[in-house]
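Colleague: Sequence first, predicted coordinates after that:
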Amino acid sequence: MNNAPSALFRASTLITVLLCTTAFVCSTAGAADVYVNQTGWWYGGGAFNESGTPIQHAINNATAGETIYVEGGSYNENIDVSTTSLTLQGEGADVVNVTAMDSNDHVFEVTADYTNISGFNVTGAAGSYRVGIYLGPRGDHCNISDNIVSNNDVGIHLYSSIDNTLQNNIANSNDYGIFIDSSSNNTLVNNNANSNSDGILVGSSSNNTLVNNTASNNHHGIVLISSSGNTLTNNSVSNNSLGIFLGSSSNNMLTNNTANSNNAGIALYYSSNNNTLAENTVNSNSGLYGAIQLCYSSDNNEITCNWVYNNSQKGFYLNGRSIGNNISYNNIIANGDYIYNSQSADVDATNNWWGTKNNDTINASIYDWHDDATKGNVTYLPKLDGPTPCAPIPDLPTIILLMLGLLMLVGCVRIGRQM
């Protein structure tokens with residue numbers, strides 16, 4: 001029996017260790033390496049130990065600070081990690097497949113701090129609220145990276161867990177892709193959540209940071225429920241029923257996100273107050289209730305410097321007495337109704353660029369008390385005379401179209417002068 005890792009695997013795992021950014025683990029002196037294949041485990045240079053659940057047995061025999069290298073292959077296990085400061089390094093999510101032996105249990109359950117898990121394809125936790133990679137209480141300061149989690153009820157679940165990093169994971173075809181639950185100060189970077197019911201769900205959680213994540217082809221892309229103080233930056237949500245949804249969530253920061261080709265782009269519901277939406281691009285959303293929605297007493301939100309364009313039904317939709325919102329310095333262009341005020345409260349939408357200087361054209365694109373006397377008024381004057389520079393630059397095809405339109409206009413003027 002060959003109980004030595006391949007040369008390629010040794011090289012790749014050596015590079016991983018050298019590049020490790022978790023100082024607590026990488027600085028541990030004297031830690032041994034443990035190796036696992038489909039039939040057993042061994043310490044480097046030590047005796048081979050045969051096992052039907054080799055990953056779990058390697059963990060049970062490891063001590064704090066050690067790294068467990070798992071070779072390519074298929075493993076049927078439910079793995080518990082209760083020893084602190086272990087690194088579980090798979091040869092790669094494309095070659096290391098870990099399937100739940102018991103579908104009513106988590107595949108990986110972590111209840112130990114400073115655990116690192118990377119390089120695994122994790123599947124088969126199909127029972128209700130069973131999870132591919134679960135970080136529970138005392139599962140803090142962990143790093144979960146470069147994994148594929150699919151066909152679980154929940155892909156990755158953080159419960160009452162703090163200061164973790166989730167990076168470069170793919171969560172697809174789960175009920176919940178990534179679920180941050182009653183957890184704080186976690187960072188999600190470059191994760192991809194596709195074809196789930198909820199792509200990324202943040203519930204009853206605060207001060208988490210989501211950067212450069214992608215959520216597409218889900219029912220809900222990114223969802224915040226009863227959560228505050230979270231930051232969403234440079235995320236992309238597309239082809240979802242709801243792109244980004246905030247329910248009963250306040251004091252969150254949404255900046256430089258792109259919500260396109262959803263039913264609804266960004267929706268704030270149920271007293272989602274004092275949030276900031278700035279420098280987002282919200283385009284090509286097709287839902288009846290609009291690209292950006294403020295509903296049911298969602299008050300005092302700052303909505304500035306956004307590109308809201310080419311949404312087929314509505315640019316902004318307000319309902320349920322959502323008041324005190326600052327909607328200004330946005331580029332609101334080529335939508336169905338630019339603003340649809342479906343409530344009795346007035347709306348201040350001054351200092352926006354509407355794609356035209358013609359007041360009659362703007363009035364015709366706003367639905368308010370002029371169309372239904374039971375609705376509040378939308379005030380749009382004073383308005384900007386051109387696009388606000390604080391908004392993000394839209395994608396290249398849009399820029400090209402705008403430039404072509406300008407060139408055609410200039411050409412027509414010149415021809416007219418020459419005639």
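Modeller: Structure received. Residues are numbered from 1 along each chain as shown.

Colleague: center of this protein, which residue is that?
Modeller: Against the mean C-alpha coordinate of the chain, by C-alpha atoms, centre = their mean, the closest residue is Asn213 at 4.4 Å.

Colleague: Which residue ranges of the stretch 51-200 of the chain form helices?
Modeller: In the stretch 51-200 of the chain, the segments counted as helices under DSSP state H, counting those that start in this stretch are 54-61.

Colleague: is it true that the residue nearest to the centre of the chain touches Asn194?
Modeller: No. Look at Asn213 against Asn194 with C-beta atoms under 8 Å: they stay out of range, at 11.0 Å. Yep, even glycine has a C-beta here, placed from its N, CA and C like the rest.

Colleague: Check the gap between the residue nearest to the centre of the chain and Tyr338 for me.
Modeller: Distance of Asn213 to Tyr338, computed by C-beta to C-beta, to the nearest Å: 29 Å.

Colleague: And His219, by the same measure?
Modeller: Counting by C-beta to C-beta - His219 and Tyr338 are separated by 27 Å.

Colleague: Have a look at these two and say which one is more surrounded.
Modeller: Neighbour count, other C-beta atoms under 10 Å: between His219 and Tyr338, Tyr338 has more, with 28 against 15.

Colleague: quick check, the more buried one in a strand?
Modeller: Yes. When DSSP: H, G, I helix; E, B strand; the rest coil is applied, Tyr338 is found to be in a strand.

Colleague: State the distance from it to Gly265.
Modeller: 14 Å.

Colleague: and Pro394, what pLDDT?
Modeller: Pro394 is assigned 80 on the pLDDT scale.

Colleague: Also the one 3 residues further on?
Modeller: According to the model's per-residue confidence, Pro397 sits at a pLDDT of 59.

Colleague: Next: Ser286.
Modeller: 96.

Colleague: That one in helix, strand or coil?
Modeller: Per three-state DSSP, Ser286 ends up coil.

Colleague: Which strands or helices does the helix or strand containing Ala215 pack on?
Modeller: Using DSSP states H and E, Ala215 sits within strand 214-216. Strand 214-216 sits against strand 192-194, strand 198-203, strand 236-238, with contacts defined as 3 or more C-beta pairs under 8 Å, 6 or more residues apart in numbering; DSSP states H and E.

Colleague: Show the low-confidence segments of the protein, by residue range.
Modeller: Residue ranges of the chain with pLDDT under 70: 1-31, 396-419.

Colleague: Mind doing that once more with 80?
Modeller: Within the chain, the stretches with pLDDT under 80 are 1-31, 395-419.

Colleague: Next, count neighbours for Ala364.
Modeller: 13.

Colleague: Show the backbone phi and psi for it.
Modeller: phi -70, psi -20 (degrees, to the nearest 10).

Colleague: swap in Leu277?
Modeller: phi -120, psi 110.

Colleague: for stretch 84-101, which positions count as buried?
Modeller: 84-93, 95-101 (16 or more other C-beta atoms under 10 Å).

Colleague: same deal with stretch 340-348?
Modeller: Buried-residue list, stretch 340-348, by 16+ other C-beta under 10 Å: 340-343, 345-347.

Colleague: likewise stretch 353-365?
Modeller: Neighbour count says stretch 353-365 has 353-355, 362, 365 buried, by 16+ other C-beta under 10 Å.

Colleague: Pull up the distance across that stretch, start to finish.
Modeller: Terminal residues of stretch 353-365 are spaced 13 Å apart (C-alpha to C-alpha, to the nearest Å).

Colleague: same question, stretch 306-322
Modeller: Chord length of stretch 306-322, first to last residue, is 19 Å (C-alpha to C-alpha).

Colleague: now stretch 324-338
Modeller: Start-to-end, stretch 324-338 (C-alpha to C-alpha) is 19 Å.

Colleague: What distance do you get for the residue lying closest to Ser286 once chain neighbours are set aside to Asp371?
Modeller: Spatially, and ignoring its direct neighbours in sequence, Ser286 is nearest to Ser312 (4.9 Å; C-beta to C-beta, 6 or more residues apart in numbering). Applying C-beta to C-beta, the value for Ser312 to Asp371 is 19 Å.

Colleague: Same question for Thr84.
Modeller: From Thr84 to Asp371 the distance is 63 Å (C-beta to C-beta).

Colleague: for the stretch 301-419 of the chain, what spans make up the helices?
Modeller: Ranges of helices in the stretch 301-419 of the chain, per DSSP H, counting those that start in this stretch, are 359-364, 396-418.

Colleague: centre of the chain versus the first one, how much separation?
Modeller: Spelled out, it's helix 359-364. Computed by C-alpha atoms, centre = their mean, to the nearest Å, the separation of helix 359-364 from the middle of its chain amounts to 37 Å.

Colleague: C-alpha coordinates for it, PDB please?
Modeller: The C-alpha coordinates for helix 359-364 follow below in PDB (Å, rounded to 0.1, in the frame of the first residue of the first chain):
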ATOM      1  CA  ASN A 359     -39.800  68.700 -17.200                       C
ATOM      2  CA  ASP A 360     -42.800  67.400 -19.200                       C
ATOM      3  CA  THR A 361     -40.900  64.200 -20.000                       C
ATOM      4  CA  ILE A 362     -39.900  63.700 -16.300                       C
ATOM      5  CA  ASN A 363     -43.400  64.400 -15.100                       C
ATOM      6  CA  ALA A 364     -44.800  61.800 -17.500                       C
END
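
Colleague: what's in contact with it?
Modeller: 338, 354, 356, 370, 380-381, 383 (C-beta atoms under 8 Å, 6 or more residues apart in numbering).

Colleague: what two of those are the furthest from one another?
Modeller: Thr356 and His370 (17.7 Å; C-beta to C-beta).

Colleague: Any figure for the gap between the nearest residue to Lys357 once chain neighbours are set aside and Asn76?
Modeller: Excluding its sequence neighbours, the residue lying closest to Lys357 (C-beta to C-beta, 6+ apart) is Asp385, at 6.2 Å. Applying C-beta to C-beta, the value for Asp385 to Asn76 is 66 Å.

Colleague: quick one: which of these two has more around it?
Modeller: Higher neighbour count among Asp385 and Asn76: Asn76, with 15 against 7, using other C-beta under 10 Å.

Colleague: tell me the contacts of the more buried one?
Modeller: Contacts of Asn76 (C-beta under 8 Å, 6+ apart): 98-101.
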